[in-house]
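A.B. asks: Sequence below, structure please.
(chains A and B)
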Amino acid sequence: MGTLLRKSVFNIIMLVIGLLMVIPFIFMISASLKAPADVFVNPMQIIPEHIYTLNYETIFHHKYYFHWYWNSISTVVLTVVFRGLLVTMAAYAFARLTFPGKNILFLFLISAMMIPSDTTIVAKFMLYKYLGLINTHWVIILPAAFDVFFIFLLRQFFMGIPKDLTESALIDGASHYGIYFKIILPLAVPALITMGLFTFIWTWNDFISPFIFINDINKQLVTVGLEYFQLEAGKNYALQMAGACLIVLVPITIFAALQKYFVQGIAMSGIKG
Amino acid sequence: MKSNGKTDRPSILARVLQIGYREKGAAFVFVIPFMIGFLIFNIIPMVYSVVISLMDYNSFKPMNMIKFIGFDNYTRLFHDPIALNAFGKSFLYALFYVPGLIILSFLLAILLNRTFALRGITRTFILMPYVANVVAVSIVWSILLDPFGGPVNQIIAKFGIEPPLWLSGVKTALPTIAGINIWQSLAFQTIVFLAAIQGVNKDLYEAADIDGASRWKRLWSITLPVISPTTFFLVITSIISSFQNYASVRMLTNGGPGTSSRVISLNIYEEAFTLNHYSYASAQAMILFAIVLVITIIQWKGQKRWVHY
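C.D. replies: Numbering: from 1, shown residues only, chains lettered A, B, ... in the order given. Sure thing, here's the model as predicted:
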């Protein structure tokens, strides 16, 4: 009996810790369904007495809100496609092929990861202006496509694929393109899902790039759009919460469904190899 | 020009495909596209940042009017109380953020390493803040921590304690931002720790059990030393990320009240994009980079004392 009691207590403690982590989200959903005047009513009601839907109706008739949504979705999809192709190709070469200067080049790439992105923000702004990328969605997509972190991650994964599989294909006369497309990529689907998931979450939640590089409010992505929405809502906290809810909901839903890949990805990135 | 016409000489595409049968050639085709983009989007901005920081591009003016002024932007920095204060605030922030994050994520990883019925759901809950949008998170925390009538202070007031001003207090703003950012990034660190803890060789624990070591002793003498490379990796990455908090600081306090939470990343963005002091902002960013580099090198040298590979 003693162990059963101890186990239950431990479960309860862990659940409380977990709940403490999600209280802000619970509050967010709850407040978004309240009339503006009821948000700070003391004592707080987690489940609103009357469900108030006007906040969401306001969003559905908002001039830009769904523009931002669509902009973010298309930007995320294009980033995933470009990054997926460029990064897997380079990672394949670093993992499975021998070529002169390989190790030095890889060390060079890895050391570039140490540069904080804020360091080069001014230069990036000027360069992108010069390249005509400012105020387009390419200013988010193209720089993100060349991300070293994922080369590192995918190289680890590709190195784990048994050599026998590719060597017999080479003997049968397959080219390296064929091996990459027909053997490596299909086997790397879990790693590709991890990369897609991270790319989605990071692009969806990025604030600085769209804030600095995109000027027009109708071209904005969700994060900066939400700030605009917040300022517009003024002191209407319930409306602010509804706006925040719809933007947090998407990544959380996708994440909850694909949590396994997410955890594997983080664990992989943290272990040196 | 015929696009699909067949000629005697192999087309460029055919020649590129031919290369795929030779290892070095294929490697070239695979790596070059990435390297070109890497050069444009990573290396050129880095070099260009150094160049800008040595110029007098501190207002809107045509490119041909801009001159090299050497290290003037750098020397100016040391006479600028706002910039110096901002560097100080960033250090202070790191002092709250890094130890808090490392200790909490390690404890959480230890707890999650045990098997228990509600493990799956607890883990999902703990991971959630990590995927939430920074602006949404800032909005909800600003409301939760509203000093006058916000839900957190409502609860605190019930206990008869003087409720803090949180983000509106001169002394509390910076630690509050650090706390919110710890809450948000906790998941990443926890999972990395968890993976490391699960990778510890079980034989070591069995040997300790035979010696009759306590749970505390096992943690102290086996787990901590064995996972020290991971701890080292997390300490370095969280120091680097602690200097890059522009988005959350801007959303939560915008540097206020006064300059009490005006960290260096905020200062750099304000100098660059509000005041158009591009060169001066770049010089500050370079100093920030140098500081991060020095901290990393010191850690790297000092790791022999506590990191066991």
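A.B. asks: who touches stretch B:301-309?
C.D. replies: B:225-226, B:228-229, B:231-232 (C-beta atoms under 8 Å, 6 or more residues apart in numbering or on different chains). In short, each C-beta sits where N, CA and C put it, glycine included.
A.B. asks: Those residues also near chain A: which ones?
C.D. replies: Among these, proximity to chain A is found for B:Pro229 (C-beta under 8 Å from any C-beta of the partner chain).
A.B. asks: Separate out the buried members of the contacts of stretch B:301-309.
C.D. replies: Neighbour-count burial (16 or more other C-beta atoms under 10 Å in any protein chain shown) applied to these gives B:226, B:228-229, B:231-232.
A.B. asks: Dump the contacts of stretch B:301-309 to TSV, plus secondary structure.
C.D. replies: Conversion of the contacts of stretch B:301-309 to TSV gives the following (DSSP: H, G, I helix; E, B strand; the rest coil):
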residue	secondary structure
B:Pro225	helix
B:Val226	helix
B:Ser228	helix
B:Pro229	helix
B:Thr231	helix
B:Phe232	helix
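A.B. asks: Considering the contacts of stretch B:301-309, which is situated nearest to chain A?
C.D. replies: Nearest to chain A among the contacts of stretch B:301-309: B:Pro229, at 6.8 Å, using C-beta to the nearest C-beta.
A.B. asks: Which one among the buried ones among the contacts of stretch B:301-309 sits at the bottom for pLDDT?
C.D. replies: Note: of the buried ones among the contacts of stretch B:301-309, the lowest pLDDT belongs to B:Pro229, at 87.
A.B. asks: Pull the contacting residues for the spatially most central residue of chain B.
C.D. replies: In chain B, the residue lying closest to the centroid (C-alpha atoms, centre = their mean) is B:Ser241, at 1.8 Å. By C-beta under 8 Å, 6+ apart, B:Ser241 lies in contact with B:Ser185.
A.B. asks: Could you do A:Phe150 as well?
C.D. replies: If you count contacts by C-beta under 8 Å, 6+ apart, then A:Phe150 has A:83, A:87, A:91, A:195, A:198-199 around it.
A.B. asks: elements contacting the strand or helix carrying A:Met268?
C.D. replies: A:Met268 belongs to helix A:259-270 when elements are defined using DSSP states H and E. Contact here means 3 or more C-beta pairs under 8 Å, 6 or more residues apart in numbering or on different chains; DSSP states H and E; on that basis helix A:259-270 packs against helix A:148-159, helix A:189-205, helix B:119-131, helix B:173-198, helix B:228-242.
A.B. asks: Can I get that helix in CSV, CA atoms only?
C.D. replies: The C-alpha trace of helix A:259-270 is given here as CSV (Å, rounded to 0.1, in the frame of the first residue of the first chain):
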residue,chain,number,x,y,z
GLN,A,259,5.2,15.0,-30.6
LYS,A,260,7.3,11.9,-31.0
TYR,A,261,9.3,13.4,-33.9
PHE,A,262,9.7,16.6,-32.0
VAL,A,263,11.2,14.9,-28.9
GLN,A,264,13.5,12.7,-31.1
GLY,A,265,14.7,15.8,-33.0
ILE,A,266,15.6,17.7,-29.8
ALA,A,267,17.3,14.7,-28.3
MET,A,268,19.4,14.2,-31.5
SER,A,269,20.4,17.9,-31.7
GLY,A,270,21.6,17.8,-28.1
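A.B. asks: contacting residues for A:Val139?
C.D. replies: A:128, A:133, A:209, A:213-214.
A.B. asks: what's the closest of the residues you listed to B:Asn42?
C.D. replies: Using C-beta to C-beta, the shortest approach to B:Asn42 within those belongs to A:Tyr128, at 13.1 Å.
A.B. asks: what's the nearest residue to residue 151 if we skip its chain neighbours?
C.D. replies: Went with chain A since none was named. A:Ala91 (4.9 Å; C-beta to C-beta, 6 or more residues apart in numbering or on different chains).
A.B. asks: you looked at the wrong chain, it should be chain B
C.D. replies: A:Met44 (5.1 Å).
A.B. asks: How much space separates B:Ser142 from chain A?
C.D. replies: 9 Å (C-beta to the nearest C-beta, to the nearest Å).
A.B. asks: hang on, that residue in a helix?
C.D. replies: Yes. Assessed with three-state DSSP, B:Ser142 lies in a helix.
A.B. asks: can you pull the contacts of B:Ile103?
C.D. replies: By C-beta under 8 Å, 6+ apart, B:Ile103 has no neighbours at all.
A.B. asks: Let's see the pLDDT reported for A:Leu246.
C.D. replies: Looking at A:Leu246, the pLDDT reads 92.
A.B. asks: how about the nearest residue to it once chain neighbours are set aside, what does it touch?
C.D. replies: In space, and not counting its chain neighbours, A:Leu246 is closest to A:Ile59: 6.6 Å by C-beta to C-beta, 6+ apart. Shown in contact with A:Ile59 (C-beta under 8 Å, 6+ apart): A:65, A:239, A:242-243, A:246.
A.B. asks: quick one: which of these is nearest to chain B?
C.D. replies: Closest to chain B, out of all of the contacts of A:Ile59 and judged by C-beta to the nearest C-beta, is A:Gly243, at 8.0 Å.
A.B. asks: May I have stretch A:38-54 exported as PDB, CA atoms only?
C.D. replies: Output of stretch A:38-54 as PDB, limited to C-alpha atoms (Å, rounded to 0.1, in the frame of the first residue of the first chain):
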ATOM      1  CA  ASP A  38     -15.400  39.800 -17.300                       C
ATOM      2  CA  VAL A  39     -11.700  39.000 -17.900                       C
ATOM      3  CA  PHE A  40     -10.500  40.400 -14.500                       C
ATOM      4  CA  VAL A  41     -13.600  39.500 -12.500                       C
ATOM      5  CA  ASN A  42     -12.500  38.300  -9.000                       C
ATOM      6  CA  PRO A  43     -12.600  35.400  -8.200                       C
ATOM      7  CA  MET A  44     -11.600  34.200 -11.600                       C
ATOM      8  CA  GLN A  45     -13.800  31.700 -13.500                       C
ATOM      9  CA  ILE A  46     -11.900  29.200 -15.600                       C
ATOM     10  CA  ILE A  47     -15.100  28.100 -17.300                       C
ATOM     11  CA  PRO A  48     -17.000  31.300 -18.400                       C
ATOM     12  CA  GLU A  49     -20.500  31.500 -17.100                       C
ATOM     13  CA  HIS A  50     -21.800  32.800 -20.500                       C
ATOM     14  CA  ILE A  51     -20.000  31.800 -23.600                       C
ATOM     15  CA  TYR A  52     -19.300  35.100 -25.500                       C
ATOM     16  CA  THR A  53     -18.500  34.600 -29.200                       C
ATOM     17  CA  LEU A  54     -18.300  38.300 -30.300                       C
END
